[in-house]
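# Predicted model, plus sequence, below.
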2 protein chains.
Amino acid sequence: MTTIYDVAKEAGVSPKTVSRVLNDDAPVNVATRAKVETAIVKLGFVRSHAARSMRSQRSGLIGIITGAISTSPGAGEPAGLPDIHIVQGAQRIFAQENLTTLISDTGGHLDRVPELVRTLLEHRVEGLLYVADHHQQVAFPAAGARNRLVLVNCYDDESTPCVLPDDESGQYHLAKGLIERGHTRIGYLTLAERQRAQPLRLAGYRRALAEAGIAFDPALVIPAALMDPAHEYDLLWDALDRLLTLSEPPTVICCANDKMAMRVYGLLRDRGLRVPEDISVAGYDDYRIIADHLHPGLSTVVLPYETMGARAAQRLLRIIRGQQEPGTTSTELVSGPPVWRGSVLSRTANILDFQSIGRNNT
Amino acid sequence: MTTIYDVAKEAGVSPKTVSRVLNDDAPVNVATRAKVETAIVKLGFVRSHAARSMRSQRSGLIGIITGAISTSPGAGEPAGLPDIHIVQGAQRIFAQENLTTLISDTGGHLDRVPELVRTLLEHRVEGLLYVADHHQQVAFPAAGARNRLVLVNCYDDESTPCVLPDDESGQYHLAKGLIERGHTRIGYLTLAERQRAQPLRLAGYRRALAEAGIAFDPALVIPAALMDPAHEYDLLWDALDRLLTLSEPPTVICCANDKMAMRVYGLLRDRGLRVPEDISVAGYDDYRIIADHLHPGLSTVVLPYETMGARAAQRLLRIIRGQQEPGTTSTELVSGPPVWRGSVLSRTANILDFQSIGRNNT
DNA sequence: GCTATTACTGACATCGATGTCATGACATCG
DNA sequence: CGATGTCATGACATCGATGTCAGTAATAGC
């Protein structure tokens, strides 16, 4: 590899002058600069990041720890949008700031995290992002990075700064939108109880009902997702059956995520029900590949992973740069709007029209 | 940051001895080693990668250039499995070898590639992987990395080593499997003509037909995917309509990818056709989120991205280490098997049964 | 016309590790 | 018992850049 010394010799100047040309540090005579630049091109010189960052004590690196890249197929994937989108959003911000991101993948083995953190620290990352694959509590072994760490999609009990999805608000706005569209019997196939998002979303659902003066009916809310996907299908079939055989069945079914909604499409079709003419369906996540391409398109709630990643990145930058945090709270919530596609029928426009459709097809 | 000098002072030894403990280079007295290790823990010492790699001339870094992370929603996504799986496979191999991967994202801007390459070279990556988002020809500006570069999912005209999906074989085995299941009229909704995979897959389709002695009927093969997804939907509807209104319509429809198959599910349902009782459907990619969760499950062909990534990584390692390449060819094909799920009806078991089903529902 | 800046350049030390070489204390061998 | 080898350790140079400081020449200010 050629060094600035080679370049200096070639151009007949001192190494320091080459450095000045490279960094545009201090004034350099145009003729000198030209000579140096010619030499650089001629020798194909490329700066050594190692030498540079060693001297300047700045690595220009940000570490991201995630399981996104290797959430292996088959491993208990906790249903939801792939967290790679979070990484995406963060990387966008860091790239703008000329920071290189060093992405470390857990490969699904959480016990490898301390090792990964160590590697990142060896690279002298200036900050660290920990990205979880779903909203959860974690105990991140930050070892020496505690004060330049931001958690994304997770939180801990040490008030480490974190960025979380606003599950309550998301489900609230979805339910509110459904009510505005004339639905009052809103079925809800939920996540497993112990999923962190679950009580939050349920709270949002109930808030929307309460605001509209609709009584909460526990029979309409059934858990239909398990951590273990193996038995999930039967569970879903059963939950759906319970909803549809109620004496006063729902006119719309909210699903805990888009993947579940996709299955519900199939199950409803098996029962001879059309979406949305006979029954409306909504999801959660706005998992584009599903929501966009299902037919009809799936109404759902944006799980704002990209934004969360970007926010976390901005927050980390503020911390690194020693700027005062705007608020004093460690938790930052990011909410995503509902997206309305064909899967939800509006019953407000013309009730009579709806009834005639219903009569023809039930 | 503490250095080995600090550790040396704390432990009362020379820096070199600390280095020896760290690298387990040369024999160190157990008592000395203990002192050093204690000092390391006490001071929270972490090696500097920069200094290390500068001296040893080994970075332990591999660069990966991809658009995987930021194939932004909305940008003309060329339908297919997200290339993140390729990165995944490669990273698995590199992690085994204690190499850290530096993932550079094009952010969808191909013109940023030279800049990314430069950054990677500044980090003195020992090898470079370029990952494309679909099977295509590229002109990669390798600038100085030409001899430690492997292309994945793409190839160039300079015989750079590359790893590609075996599209011919994939479609061949799918069609062969369909024929074995009693299908002879096999509809095929293809990719756009200029997609590299298209002629290859068509060749596979025709080879299977030829081997079974079935005449090729051009009316059964219709392009239904565009590079621009905006008009794709109408195109697909029209293509499907043409297939279904043939005097002798197909008993199965092969789609260019799983996403298209998902849409076809919906369109077929609109026409009152049941999958697979009335018509079978097959996809391509084995995009798990779709293929697994559609109802019924989608029969498709594995696009072996994870394996391709791993193979490319292994190949790059061989190149870096100066080991002789096994073959002399620059191109390495990786084939993926068909996966049979519920969307394809076997007509071989009992033809009469099938006919009765058909009569009831047509 | 003399001082105060500014433009431009280079010598040298330094960042934090490791490679090379030297050295002393023992152990082993013939 | 002397020659040789191994263990254990440290002094010193070095990797490739940049920060500090110094110095010269040209320009500006009064």
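Done, it's in.
# rest of the way, CA atoms for contacts and neighbours
Noted.
# Report how many residues lie close to the closest residue to DNA strand C within the stretch 101-250 of chain A.
For the stretch 101-250 of chain A, the residue closest to DNA strand C is A:Glu122, as judged by Cα to the nearest atom of the strand, at 8.1 Å. Residues contacting A:Glu122 under the criterion other Cα atoms under 10 Å in any protein chain shown number 17.
# Now that it has come up, it's in contact with B:Arg47, right?
Yes: the criterion here is Cα atoms under 8 Å, and A:Glu122 meets it with B:Arg47 at 5.4 Å.
# hey, where'd the helices end up in the stretch 1-150 of chain A?
In the stretch 1-150 of chain A, the helices defined using DSSP state H, counting those that start in this stretch lie at A:4-11, A:15-23, A:30-43, A:49-56, A:84-96, A:113-122.
# Now do the residue of the stretch 101-250 of chain A closest to DNA strand C against B:Thr38, distance only.
Distance from A:Glu122 to B:Thr38, counting by Cα to Cα, to the nearest Å: 19 Å.
# can you check A:Gly322 too?
32 Å.
# Those two - which one has more neighbours?
B:Thr38 (15 against 10).
# List the contacts of the more buried one.
Residues in contact with B:Thr38 (Cα atoms under 8 Å, 6 or more residues apart in numbering or on different chains) are B:Ala11.
# ok, now how distant is it from B:Thr251?
In terms of Cα to Cα, B:Thr38 sits 73 Å off from B:Thr251.
# The closest residue to A:Phe140 other than its chain neighbours - how many residues pack around it?
Distance criterion Cα to Cα, 6 or more residues apart in numbering or on different chains; nearest residue to A:Phe140, sequence neighbours excluded, is A:Asp156 at 7.6 Å. Look at A:Asp156: counted by other Cα under 10 Å, it has 14 neighbours.
# How about A:Glu10?
Using other Cα under 10 Å, A:Glu10 has 16 neighbouring residues.
# likewise A:Ala26?
10.
# do A:Thr160 as well
A:Thr160 has 19 neighbouring residues, counting by other Cα under 10 Å.
# for A:Ser53, same thing?
17.
# the domain parsing of chain A - what is it?
In the domain annotation for chain A, the residue ranges read A:61-160+A:306-335, A:167-302+A:339-361 (automatic domain parsing).
# show me what contacts the nearest residue to A:Arg124 once chain neighbours are set aside?
Once flanking residues are discounted, A:Arg124 sits nearest to A:Ser59: 6.1 Å by Cα to Cα, 6+ apart. Going by Cα under 8 Å, 6+ apart, A:Ser59 touches A:Ser53, A:His123, A:Arg124, A:Val125, A:Glu126.
# tell me which of these is nearest to B:Gln91?
The closest of the contacts of A:Ser59 to B:Gln91 turns out to be A:His123 (Cα to Cα; 18.0 Å).
# could you give the mean pLDDT of stretch A:334-346?
Model confidence over stretch A:334-346, given as mean pLDDT, is 96.
# picking up where we left off before, hmm, the residue nearest to A:Phe140 is touching A:Ala142, no?
No: in this structure, A:Asp156 is not within contact of A:Ala142 by Cα under 8 Å, at 11.4 Å.
# Which residue lies nearest the spatial centre of chain A?
Centroid check for chain A by Cα atoms, centre = their mean gives A:Tyr305 as the closest residue, at 2.3 Å.
# Next one, pLDDT for the nearest residue to that residue once chain neighbours are set aside please.
Distance criterion Cα to Cα, 6+ apart; nearest residue to A:Tyr305, sequence neighbours excluded, is A:Ile86 at 4.8 Å. Looking at A:Ile86, its pLDDT is 94.
# Tally up the residues packed near the residue in the stretch 151-300 of chain A that DNA strand D sits nearest to, please.
Nearest residue of the stretch 151-300 of chain A to DNA strand D: A:Pro161, at 30.8 Å (Cα to the nearest atom of the strand). Neighbours of A:Pro161 under the rule other Cα under 10 Å: 24.
# For it, which non-adjacent residue is closest in space?
In space, A:Pro161 is closest to A:Ser330, 4.3 Å off (Cα to Cα, 6+ apart).
# Any chance of the backbone angles for that neighbour?
Here is the backbone geometry of A:Ser330 (degrees, to the nearest 10): phi -80, psi -20.
# Confirm for me that it is in contact with A:Asp157.
No: with contact defined as Cα under 8 Å, A:Ser330 does not reach A:Asp157; the gap is 10.6 Å.
# residue ranges of the strands in the stretch 151-300 of chain A, please?
Assigned by DSSP state E, counting those that start in this stretch, the strands in the stretch 151-300 of chain A fall at A:162-165, A:186-190, A:221-223, A:252-255, A:280-282, A:300-301.
# confidence score at the residue lying farthest from the centre of chain A?
The C-alpha centroid of chain A is most remote from A:Gly12, which lies 53.0 Å away (Cα atoms, centre = their mean). Listed pLDDT for A:Gly12 reads 94.
# Check the gap between it and B:Arg181 for me.
Distance of A:Gly12 to B:Arg181, given as Cα to Cα: 76 Å.
# same question, A:Gln88
For A:Gln88, the distance to B:Arg181 - Cα to Cα - is 43 Å.
# So the two - more neighbours on which side?
For A:Gln88 versus B:Arg181, the count of surrounding residues by other Cα under 10 Å is larger for A:Gln88: 24 against 15.
# quick one: the more buried one and DNA strand D, what's the gap?
29 Å (Cα to the nearest atom of the strand, to the nearest Å).
# With DNA strand D in mind, check whether stretch A:108-127 reaches it.
No: judged by Cα under 7 Å from any atom of the strand, stretch A:108-127 stays clear of DNA strand D, getting no closer than 14.9 Å.
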